[in-house]
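Chemist: With the input below, show me the fold.
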Amino acid sequence: MMHYIYPEYAFGWSNLEVNGNHISECDGTVGTFYSHVEIIKEKNIAVIVLCNSGDTGGKGAAINLARLLREQYTTL
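Modeler: All right, here's what the predicted structure looks like:
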């Protein structure tokens, strides 16, 4: 309930639905690294990607890898 009480954003987490899967996302950085976390409710798994770069390239790499992993695990 905490992640989905409001559409698109709740309690610091973005939320969306992809192919019938409810996904909560959260990002973080302090400038020297980037982290991206996705919780896939229906699959009872989380995808966590850390990148040792906090610039836009690191951010893009972390998000793209997380999406590839999400696609792999949501089609199982």
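Chemist: Which strand residues bridge residue 38?
Modeler: According to DSSP bridges, the residues that bridge with residue 38 are residue 25, residue 47.
Chemist: I'd guessed it sits against residue 47; true?
Modeler: Yes - using C-beta atoms under 8 Å, residue 38 is in contact with residue 47, at 4.5 Å. C-betas here are computed from N, CA, C, even on glycine.
Chemist: anything in contact with each of those two?
Modeler: Common neighbours of residue 38 and residue 47 are listed as 66, 70 (criterion: C-beta atoms under 8 Å, 6 or more residues apart in numbering).
Chemist: Of these two, give the one with the bigger neighbour count.
Modeler: residue 38 (24 against 20; other C-beta atoms under 10 Å).
Chemist: show me the contacts for residue 70.
Modeler: 18, 23, 38, 40, 47.
Chemist: make it 7 Å
Modeler: Each residue near residue 70 by C-beta atoms under 7 Å, 6 or more residues apart in numbering is listed here: 23, 38, 40, 47.
Chemist: Kindly report the same for residue 59.
Modeler: Residue 59 neighbours (C-beta under 7 Å, 6+ apart): residue 34.
Chemist: try it again with 10 Å
Modeler: 27, 29, 34-36, 51, 53 (C-beta atoms under 10 Å, 6 or more residues apart in numbering).
Chemist: Cross those residues against strands and list the overlap.
Modeler: 27, 29, 34-36, 51 (DSSP state E).
Chemist: among these, which one has the lowest pLDDT?
Modeler: Least confident of the ones in strands among the contacts of residue 59 in the model: residue 29, at 92.
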